[in-house]
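Participant: Have a look; sequence and predicted model below, questions after that.
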Number of protein chains: 2
Amino acid sequence: MSEKRYAVLAEGMFDEEAKTATGVMRYAEAPTVAVVDSTRAGTRAGDHVAGLVSEAPVVTDVDAAMAHGPTTLLIGVAPAGGHLPPAFRRSILRAIELGLDIESGLHEFLSDDAEIAAAAAAKGVSVRDLRRVPDDLDVPTGANLEVKAHTVLTVGSDCVLGKMTVCLELDRETRRRGLGSVFVPTGQTGIAIAGWGIAVDQVVSDFIAGAAEQLVVQGHARGGDGAILWIEGQGSLNHPFYSGVTLGLLHGSAPHAMVFVHEPGRELIEGDPRYPIRDLAELIDDQVRMARHIRPAPVVAVALKTNRMDEEAARAAISQTERETGLIADDPVRFGAGRILDAVLSSR
Amino acid sequence: MSEKRYAVLAEGMFDEEAKTATGVMRYAEAPTVAVVDSTRAGTRAGDHVAGLVSEAPVVTDVDAAMAHGPTTLLIGVAPAGGHLPPAFRRSILRAIELGLDIESGLHEFLSDDAEIAAAAAAKGVSVRDLRRVPDDLDVPTGANLEVKAHTVLTVGSDCVLGKMTVCLELDRETRRRGLGSVFVPTGQTGIAIAGWGIAVDQVVSDFIAGAAEQLVVQGHARGGDGAILWIEGQGSLNHPFYSGVTLGLLHGSAPHAMVFVHEPGRELIEGDPRYPIRDLAELIDDQVRMARHIRPAPVVAVALKTNRMDEEAARAAISQTERETGLIADDPVRFGAGRILDAVLSSR
């Protein structure tokens, strides 16, 4: 009973939007044995999220979850307003009392909460804040240019396109082929899935590139020489809020190649009419131009998010993207990551 | 005796590299009445920094500075290693004892230092950390696109080119012509000079653009409708360490126009052979391409740093830059900011 097994706290919020919860259930090595959401109690996790294959029971509270043998309570959703609602606090304190470790992707650090920290210390369980960044960050040393792995960054035309998922599918396919491969997490869900990483959007601006360099150095240490590192992208160069994170991550990770992620038909950043998404070929060109200042790198393939299209429309969008860009295009979640992986491998 | 007058602490370090000290002495409204540097005691401030017109005496310690009537001790240099050397601590505590307010651009916050904070509280003086950022930052609201001022951002091909100085010279020239004008500070020296601002490189990455938006909104509140806001640039889009800050600042401030700052003949970023500085016209094009995602904005002039060239070489570099880029070029520090200001005004 020593290996990690998750109970996922998603009170009132277990659906498609519960990104950390569903990311962990899809991709983490550790299994999720129960989901806590009293509003959906009595169902199965797989009932609420399209494409999620999970028989994990949804239960009414932490006590009910214990019957399924969890070792760790993962706070799998972000409550509105950013503060810890009383119901979450009660669930967390109860989980500690029952001997569970805690992992949290909340902005508010649970390990800084006096009541929670004291309870955890008294019980001897751990409280891990996935968004907490190392306090010894600095600017890059140049090690990013020396890493003896093949580094591939996912980039894109907006947020919330599945850049992390594209990395995870490519990592899985690479390992399936028996090649060295490491998923390099840069955000809270990726960190929850892989058990390591840095939430680069939480780093002080001066050190974004330095944090990204540390991630590729650590990824190489995990994968060894010649491994492919799949670096989780954040935001986009054309994003009105997060472009700084995107460019710092690009220059700090200094990838050898990029995979561009896009949703066909998405015309506005975050749905805001003030920020149109420009032509795909232009965005790809911007990406290559920005990369070249640190290390010239091509965009070698386009990963399309087609989950809101029927299959015929998806295949048509893929063909059109290939014609428009001259690159391999595919939806790696829907149709498999093989063709995009082939494009990456042949670019080495 | 109620207006601010600085004593500048620069122990062992009062020279060209003392950027905060010399920036304040050149551009702040409040005068500097003495510089504390025992290694240069008995001289005048202007003796040590080319082009700095200052008769302020350099004195051996804070006690000696008191004869000249300061109200505030400014920590004007950053000691190597990042930690507060014992000699600095003694000087600061002595200044507090003598009733001076403290302003500091150090990375280490003096107001978090228990001994210093307690001494200041006991004496009733203030301790202000210029790099401390507001704790209520968020992503942009879109107010950056609505500001009824003409916003101009300085950008460039590297760090340490004088982007702040270019803004200050342009601001001074604009006010000399009787036009509404505000210098918008984004770094510690600018904040020391202007008395307000946010050190954007200290902001958590997610909120760089949001901080930049706040700065233009505050700049407009200071200058009123129709004022020109001169936004201090940071880093450069091609910088291996700081490009994320640069792009976040660009997209968050959403300028109407940009002035590109460059040093003729500088071929490497931070002198590092791994990072060549590309052709000026290419860099300007990158800048315009990145701006257009949030608000299309031209680069309207090139400000050249020519202080290491003789006058003939400087004038030749200016002419060559004008031919190369098709833009007005000048060194606003050496030859006046008038021509660049004309280019900005005619672009409105």
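Facilitator: Yes, it's here.
Participant: Tell me who's in contact with the residue nearest to A:R26 when sequence neighbours are not counted.
Facilitator: The shortest distance from A:R26 to any non-neighbouring residue, by Cβ to Cβ, 6 or more residues apart in numbering or on different chains, is to A:L52 (6.4 Å). In short, each C-beta sits where N, CA and C put it, glycine included. Residues near A:L52 by Cβ atoms under 8 Å, 6 or more residues apart in numbering or on different chains: A:T22, A:M25, A:R26, A:A45, A:G46.
Participant: Do I have it right that the last one meets A:R40?
Facilitator: What that stands for is A:G46. No. A:G46 sits out of contact with A:R40 when judged by Cβ atoms under 8 Å, with a separation of 11.7 Å.
Participant: So if I had to pick from the two, which one is more boxed in?
Facilitator: Between A:G46 and A:R40, counting by other Cβ atoms under 10 Å in any protein chain shown, A:R40 is the more crowded of the two (21 against 15).
Participant: distance of that one from B:E3?
Facilitator: 65 Å (Cβ to Cβ, to the nearest Å).
Participant: Could you do A:D138 as well?
Facilitator: Taking Cβ to Cβ, one finds A:D138 at 40 Å from B:E3.
Participant: do A:A41 as well
Facilitator: For A:A41 relative to B:E3 (Cβ to Cβ), the value is 68 Å.
Participant: again with A:A291
Facilitator: 51 Å.
Participant: Look at those two and report which has more neighbours.
Facilitator: The neighbour comparison of A:A291 against B:E3 (other Cβ under 10 Å) goes to A:A291, with 23 against 8.
Participant: Can you tell me the SS state at the spatially closest residue to that one that is not a sequence neighbour?
Facilitator: For A:A291, ignoring the flanking residues on the chain, the nearest one in space by Cβ to Cβ, 6+ apart is A:A297 at 4.5 Å. In three-state terms, and counting by DSSP: H, G, I helix; E, B strand; the rest coil, A:A297 is coil.
Participant: For A:A297, the count of nearby residues, please.
Facilitator: A:A297 - counted by other Cβ under 10 Å - has 21 other residues nearby.
Participant: what do you get for A:P296?
Facilitator: Residues near A:P296, counting by other Cβ under 10 Å: 10.
Participant: the strands in the stretch 1-150 of chain A, which residues?
Facilitator: A:6-9, A:32-36, A:58-59, A:72-75, A:101-104, A:127-129, A:150-156 (DSSP state E, counting those that start in this stretch).
Participant: Looking at these, which is nearest to A:A337?
Facilitator: For A:A337, the closest of those is strand A:150-156, at 11.7 Å, according to Cβ to Cβ.
Participant: distance between the closest one and the chain's centre?
Facilitator: Distance, stretch centre to chain centre, for strand A:150-156: 13 Å (Cα atoms, centre = their mean, to the nearest Å).
Participant: so what secondary structure elements neighbour the next helix or strand after that strand?
Facilitator: As assigned by DSSP states H and E, the chain's next helix or strand after strand A:150-156 is helix A:163-176. Counting contacts by 3 or more Cβ pairs under 8 Å, 6 or more residues apart in numbering or on different chains; DSSP states H and E, helix A:163-176 packs against helix A:19-27, strand A:150-156, strand A:181-184, helix A:188-194, strand A:228-231, strand A:257-262, helix A:332-335, helix A:338-346.
Participant: For chain A, which residues are neighbours of chain B?
Facilitator: The interface of chain A toward chain B, taken as Cβ under 8 Å from any Cβ of the partner chain, is made up of A:139-140, A:142, A:145, A:200-206, A:208-210, A:237-249, A:251-252, A:272, A:274-275, A:278, A:286, A:289-290, A:292-294.
Participant: if we go to 7 Å?
Facilitator: A:139-140, A:142, A:145, A:200-206, A:208-209, A:237-238, A:240-245, A:247-248, A:251, A:274-275, A:286, A:289-290, A:293-294 (Cβ under 7 Å from any Cβ of the partner chain).
Participant: Apply the buried test to the residues you listed and list what passes.
Facilitator: When these are checked for burial by 16 or more other Cβ atoms under 10 Å in any protein chain shown, the buried set is A:139-140, A:200-206, A:208-209, A:237-238, A:240-245, A:247-248, A:251, A:275, A:286, A:289-290, A:293-294.
Participant: on that earlier part again, go ahead and build a ChimeraX selection from the buried members of the contacts of A:L52.
Facilitator: Of these, the buried ones can be selected in ChimeraX as follows, counting by 16+ other Cβ under 10 Å:
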select /A:22,25,26,45
